[in-house]
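> Any chance you can model this:
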Amino acid sequence: MGGVEFEQWTARLLERSGFLDVEVVGGAGDAGADVLAQAPDGGRLVVQCKRYGPSNKVGSEAVQRFAGTARAYHGADYAVLVTTSAFTAPARDVAGRVGIVLVDRVALAEWARTAIAPDELTAVPSEEPLAG
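Numbers count the residues shown, from 1 in each chain. Now for the predicted structure:
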């Protein structure tokens, strides 16, 4: 599965999990957004997809870049970074500080198996703005 197919697959997962108005928007000039959707509570969901091999973990720089555009450029209530790999400890730390939900390979496999989105995707959006 290539990058575009991974974005489309992630969009289908969102639809199966009850997200509405799901749209794949990735490509040149996407400013970090690969999939946009409306959460069940009406919030705007912005997803960035990282299709990496198992040994290539997503680092803090990628999380920081996404945090810089998720709310300011895309108006995200929820910002989600999904990967076929894992996240480094610094990436998890940054994500926790700026309100980015991380979905790694293990959580992604469970989501695909059950069609139940990770709890963080269905929680009430944070009142604290994403850093940017």
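
> if I look at the residue nearest to Thr84 when sequence neighbours are not counted, how far off is Ala72?
Sequence neighbours aside, Arg51 is the residue nearest to Thr84 in space, at 5.1 Å (criterion: C-beta to C-beta, 6 or more residues apart in numbering). (Glycine included, C-beta is placed from N, CA and C.) Using C-beta to C-beta, to the nearest Å, Arg51 is found at 25 Å from Ala72.

> Out of these two, name the residue with the larger neighbour count.
Each of Arg51 and Ala72 has its neighbours counted (other C-beta atoms under 10 Å); Arg51 has more, 19 against 14.

> can you pull out the helices in this structure?
In the chain, the segments counted as helices under DSSP state H are 3-16, 60-70, 89-98, 105-114, 119-122.

> Deepest-packed of these, please.
Across those, averaging neighbours per residue (mean count of other C-beta atoms under 10 Å) puts helix 60-70 on top, at a mean of 20.

> can you tell me which residues contact the spatially most distant residue from the centre of the chain?
Note on the chain: the largest C-alpha distance from the chain mean falls to Ser55, namely 19.7 Å (C-alpha atoms, centre = their mean). Residues in contact with Ser55, defined by C-beta atoms under 8 Å, 6 or more residues apart in numbering, are Ser85.
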